[in-house]
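>>> Below is the structure, and that's it, no one-letter string:
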């Protein structure tokens, strides 16, 4: 690239001579040579421009491929999250006053739930901590607002639906009730 720059400067300095100044450093320049140098200069510029376009295209393509590979499982994880929500609703049932058969089903649900949570953790899916923290619009979705004198303004009072982060990206914001 450095050689191209020197060649380009040389060609530009020679081709910039005018008809009133037909010589450079005591040498006269044939008009045909001058035209040839201008053509060479334009071709060198075209090659450098093409190289630059190719380089930026290649870098952008590598970044896109890296992004796609990093978040390849995102759609699958988004489909699993409602299933996790349903398991959590089922587990919230009080198993103290249920019959033995229902308690066995509930313990099976808990095992399946813990396995699903393990798979999500292995794939770098983390639950967003929302209760009691200050509202952050990048990871929280305010659904309701309520006034509570005991807590500061802008603090999450209740989590209505859990939110999740996949690696460093919020794939589902937490639905929350915020203090006014």
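Ah, there it is. Since we're looking at a predicted model, the values are computed, not measured.
>>> Ignoring the adjacent residues along the chain, who's closest to residue 170?
residue 139 (5.0 Å; CB to CB, 6 or more residues apart in numbering). In this view, the C-beta of every residue, glycine as well, is placed from N, C-alpha and C.
>>> Relative to residue 124, how far out is the one you found?
Applying CB to CB, to the nearest Å, the value for residue 139 to residue 124 is 16 Å.
>>> Enumerate the positions of the helix or strand hosting residue 59 that are buried.
Assigned by DSSP states H and E, residue 59 falls within helix 31-70. Going by neighbour count (16 or more other CB atoms under 10 Å), the buried part of helix 31-70 is 34, 37, 41.
>>> which residues are contacting stretch 57-70?
Under the contact criterion CB atoms under 8 Å, 6 or more residues apart in numbering, stretch 57-70 has outside partners residue 167.
>>> mind checking how far the residue nearest the centre of the chain is from residue 166?
The centre of the chain sits closest to residue 67, judged by CA atoms, centre = their mean, with a distance of 6.7 Å. Plainly put, residue 67 is 13 Å away from residue 166 if you go by CB to CB.
>>> Who are the packing partners of the host helix or strand of residue 75?
Using DSSP H and E, residue 75 maps to helix 74-91. Using 3 or more CB pairs under 8 Å, 6 or more residues apart in numbering; DSSP states H and E as the contact test, the elements touching helix 74-91 are helix 100-122, strand 164-166, strand 169-172.
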